[in-house]
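Peer 1: Fold the following and give me the result.
(2 chains)
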Amino acid sequence: MSPPPRVASLGLKTVRGAGSLGLEAVRGTGALALVAARTVLGLPRLERRELVRALVQFGYDSLPLALATAALAGVIVVLQSGLYIQRFGARAFLGWAAGYGVLWEFGPLLLGLIMSARIGARNAAELATMQVGGQIEGLRGIGLDPFAILVAPRVVAMELSMLAMSTFTFLVAILFESVAALFTLGLPLRIFFGTFAQMLSPLDILGGVVKTGAFGLAISLVSTSVGLSARGGAQAVGRAAASAVVQGCAAIFVIDFLLTLALAGWMA
Amino acid sequence: MNRVLSFFGAPVVLFARTVRAGAREGVSWRECAVQLHELGGRSVWLVVSGMAFFGAVLVTIANSQARRFVGNVAVLGPAYFELLIRELGPVVSALLTASRAGAGHAAELSTMSVNEQVEALEMSAGDPYADLVAPRMVAGLLGVPLLSTLGTVAATLSAALVASLVFGVDGRAFMDPRYVDGWDLLAAGMKAVACGLYIPLAAAVAGLRARGGAEAVGQATTEGVVAASLGCLLIDFGVSLAFQLLRL
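Peer 2: Numbers count the residues shown, from 1 in each chain, chains lettered A, B, ... in the order given. Here you go, the predicted structure:
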């Protein structure tokens, strides 16, 4: 490749920047689509033992972190919405407002961000370590499909763990909300759960579960595709882990926006 | 118990050592500026676009809440704006920064530790705390409050835009600072500063502890991001609780 000209006009620089940005975006989307397609193809030959190991690692081992996040999210939502609930003189509606906030937005979003940090970074780091060490080439060399062994179990396990954890963390968050409301606002538990049960429908829970599931899928696909495309030494492993978290977070915010618009429009 | 103690204790010890080493050796301003660019300048797009999407989501939720409750999003607007200024602006921006900068710092520092570059630095009479940790801490202290200001502005603008374009409500109703007072700004500032201090510390704790090969780098990065994100939530909880108990 010839070296770029030393003096470049501003217009040329802009075009070059836009071009490389576009190429990067196309490459990322292509890698993501490839990983998704090959994962689906690898599903029938999914490695069972790896799936069980990933389920324990992603689901069971993440429980303390997920529950701590849920408890914090619940208390924070009450501390904050208590402020304006008191201002409007609508204390009795706290159960509904706080439940709605956790089910629709803060439960899925915070769980997604924390899991992207924990699972996304770890997935990318593990796969990048294997890629850098030539182990993935080794698997191909002995005739095994790395997607069926490494990627598909992770995607399936992540999806199952996120779906299982979502309702559980919502439950914990709402319990902590009711206790926080009792202690900070003096709202009896009966009134909290009264409006909660009256004004929320099962559809609201479904909204949160759908969001969490979508986040889980995004996290696992993004982190595995980032991990598999790592090249270099120890530095590449760190870079892959870091960019998996960043891209996972960006994907979560975009999906959150799209799903909120779609679900709010559909339910209205 | 041991893990809980080290989760809270290690950043405190590292902070004390860094302040002492920084006071003794002096901190290079050039390095601080470089780190500020790394942490701040390169996270701007992530924080601004993430918060813009978040603002749009917030106004959608406010709208569907308002329809059952009071009939019009314009009534809930000022309360949601206060919530955004005081709570969601600083915290969600800090979480986004934690994922970007926490992962970046932890990856960088752990790569240096596994390649024994930190020892090499010590051998050549440098101090890793003053040379590596202190500039990142200064960058966090300055960068995270600036980023959360930017993020809050982005969320407000996109919320106002979505309110006026999609829901047909006057977008300015969402930017009504009727309930915002000095205490809200103080709470937001405290959260942003505390998160800015904590994110580099958590990442440095995880990064400097790494021993081994490429595997250790990955593990340290994971630990750094998780600790930084969880710490931001804890800081948010602590500050909110303190303000609630003082009835401010």
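Peer 1: Can you say which helix or strand has residue 197 in it?
Peer 2: You didn't pick a chain, so chain A it is. Secondary-structure element containing A:Ala197, defined by DSSP states H and E: helix A:189-199.
Peer 1: you looked at the wrong chain, it should be chain B
Peer 2: B:Leu197 is part of helix B:182-209 when elements are defined by DSSP H and E.
Peer 1: what's the following helix or strand after that helix?
Peer 2: Taking DSSP H and E as the definition, the helix or strand that follows helix B:182-209 towards the C-terminus is helix B:214-245.
Peer 1: Contacts (any at all) between chain A and that following helix?
Peer 2: Yes - on the criterion C-beta under 8 Å from any C-beta of the partner chain, helix B:214-245 is in touch with chain A at B:214-215, B:217-219, B:221-222, B:225-226, B:228-230, B:233-234, B:236-237, B:240-241, B:244. (Each C-beta comes from the backbone N, C-alpha and C, glycine too.)
Peer 1: related to what we said a few turns ago, point out the other elements, helices or strands, that the helix holding B:Leu197 touches.
Peer 2: Counting by 3 or more C-beta pairs under 8 Å, 6 or more residues apart in numbering or on different chains; DSSP states H and E, the packing neighbours recorded for helix B:182-209 are helix B:2-25, helix B:89-97, helix B:103-114, helix B:134-165, helix B:214-245.
Peer 1: Same list (the ones you listed) but as JSON lines, adding mean neighbour count and mean pLDDT.
Peer 2: Output for the helices and strands packed on helix B:182-209, formatted as JSON lines (neighbours: other C-beta atoms under 10 Å in any protein chain shown; pLDDT from 0 to 100):
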{"stretch": "helix B:2-25", "mean neighbour count": "14", "mean pLDDT": "84"}
{"stretch": "helix B:89-97", "mean neighbour count": "29", "mean pLDDT": "90"}
{"stretch": "helix B:103-114", "mean neighbour count": "28", "mean pLDDT": "86"}
{"stretch": "helix B:134-165", "mean neighbour count": "23", "mean pLDDT": "90"}
{"stretch": "helix B:214-245", "mean neighbour count": "24", "mean pLDDT": "86"}
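Peer 1: Mind putting those helices into JSON lines with distance to A:Ala234?
Peer 2: Converted to JSON lines, the helices and strands packed on helix B:182-209 look like this (distance: least, C-beta to C-beta, whole Å):
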{"stretch": "helix B:2-25", "distance to A:Ala234": "22"}
{"stretch": "helix B:89-97", "distance to A:Ala234": "25"}
{"stretch": "helix B:103-114", "distance to A:Ala234": "5"}
{"stretch": "helix B:134-165", "distance to A:Ala234": "20"}
{"stretch": "helix B:214-245", "distance to A:Ala234": "5"}
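Peer 1: Tell me which of those lies nearest to A:Ala97.
Peer 2: The minimum distance between A:Ala97 and the helices and strands packed on helix B:182-209 falls on helix B:214-245, with 16.4 Å, by C-beta to C-beta.
Peer 1: Helices along the stretch 51-200 of chain A, start to end?
Peer 2: Taking DSSP state H, counting those that start in this stretch as the test, the helices found in the stretch 51-200 of chain A are A:63-87, A:94-101, A:107-115, A:121-132, A:135-141, A:146, A:152-180, A:189-199.
Peer 1: closest to B:Ala16 out of the ones you listed?
Peer 2: When these are compared for distance to B:Ala16 using C-beta to C-beta, the nearest one is helix A:63-87, at 25.9 Å.
Peer 1: Burial check on residue 62, number of neighbours?
Peer 2: All of this is about chain A. Using other C-beta atoms under 10 Å in any protein chain shown, A:Ser62 is surrounded by 21 other residues.
Peer 1: I was after chain B.
Peer 2: For B:Ala62, the neighbour count with other C-beta under 10 Å is 25.
Peer 1: What residue in chain B comes nearest to chain A?
Peer 2: The minimum distance from chain B to chain A, using C-beta to the nearest C-beta, falls at B:Gly218 (2.3 Å).
Peer 1: what's residue 59 in contact with, if anything?
Peer 2: The chain I'm using is chain A. The contact partners of A:Gly59, by C-beta atoms under 8 Å, 6 or more residues apart in numbering or on different chains, come to A:157, A:160-161, A:164-165.
Peer 1: um, chain B though
Peer 2: Contact criterion C-beta under 8 Å, 6+ apart gives B:73, B:80, B:159-160, B:162-163, B:167, B:174 as the residues in contact with B:Val59.
Peer 1: So for the most centrally placed residue in chain B, what's the nearest residue that isn't a sequence neighbour?
Peer 2: With distances taken as C-alpha atoms, centre = their mean, chain B has B:Ala94 as the residue nearest its mean C-alpha position (2.2 Å). Counting by C-beta to C-beta, 6 or more residues apart in numbering or on different chains, B:Cys195 is the residue found nearest to B:Ala94 once chain neighbours are left out, at 3.7 Å.
Peer 1: surely that neighbour meets B:Ala98?
Peer 2: Yes - in this structure B:Cys195 lies within contact range of B:Ala98 using C-beta atoms under 8 Å: 7.3 Å.
Peer 1: between those two, which one's more packed in?
Peer 2: More crowded of B:Cys195 and B:Ala98, by other C-beta under 10 Å: B:Ala98, with 34 against 30.
Peer 1: excluding its backbone neighbours, what's nearest that one?
Peer 2: In this structure, B:Ala98 finds its nearest non-sequential neighbour in B:Ala228, 3.9 Å apart by C-beta to C-beta, 6+ apart.
Peer 1: Flag every residue of the stretch 101-250 of chain A that's near chain B.
Peer 2: Within the stretch 101-250 of chain A, the residues that sit near chain B (C-beta under 8 Å from any C-beta) are A:101, A:104-105, A:110, A:113-114, A:116-118, A:121-122, A:124-126, A:128-129, A:132-133, A:184, A:199, A:233-235, A:237-239, A:241-242, A:245-246, A:248-250.
Peer 1: Whichever of these end up buried, select them in ChimeraX.
Peer 2: Those of those that count as buried under 16 or more other C-beta atoms under 10 Å in any protein chain shown are selected in ChimeraX with:
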select /A:101,104,105,110,113,114,116,117,118,121,122,124,125,126,128,129,132,199,233,234,235,237,238,239,241,242,245,246,248,249,250
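Peer 1: rewinding a little: as TSV, the contacts of A:Gly59 with distance to A:Phe257 and pLDDT would be great.
Peer 2: Listed next are the contacts of A:Gly59 as TSV, based on distance: C-beta to C-beta, whole Å; pLDDT from 0 to 100:
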residue	distance to A:Phe257	pLDDT
A:Ala157	27	90
A:Leu160	25	91
A:Ser161	24	91
A:Ala164	25	90
A:Met165	22	89
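Peer 1: Counting neighbours, which of those end up buried?
Peer 2: Looks like the contacts of A:Gly59 have A:157, A:160-161, A:164-165 buried, using 16+ other C-beta under 10 Å.
Peer 1: Give me the angle between the helix or strand following the helix holding A:Ala197 and helix A:94-101.
Peer 2: Stepping forward along the backbone from helix A:189-199, the first helix or strand reached (DSSP H and E) is helix A:202-228. Between helix A:202-228 and helix A:94-101, the angle comes out at 30 degrees (axes from the mean of the first three to the mean of the last three C-alpha atoms, to 10 degrees).
Peer 1: tell me the mean pLDDT for helix A:202-228?
Peer 2: The average of the pLDDT scores along helix A:202-228 is 88.
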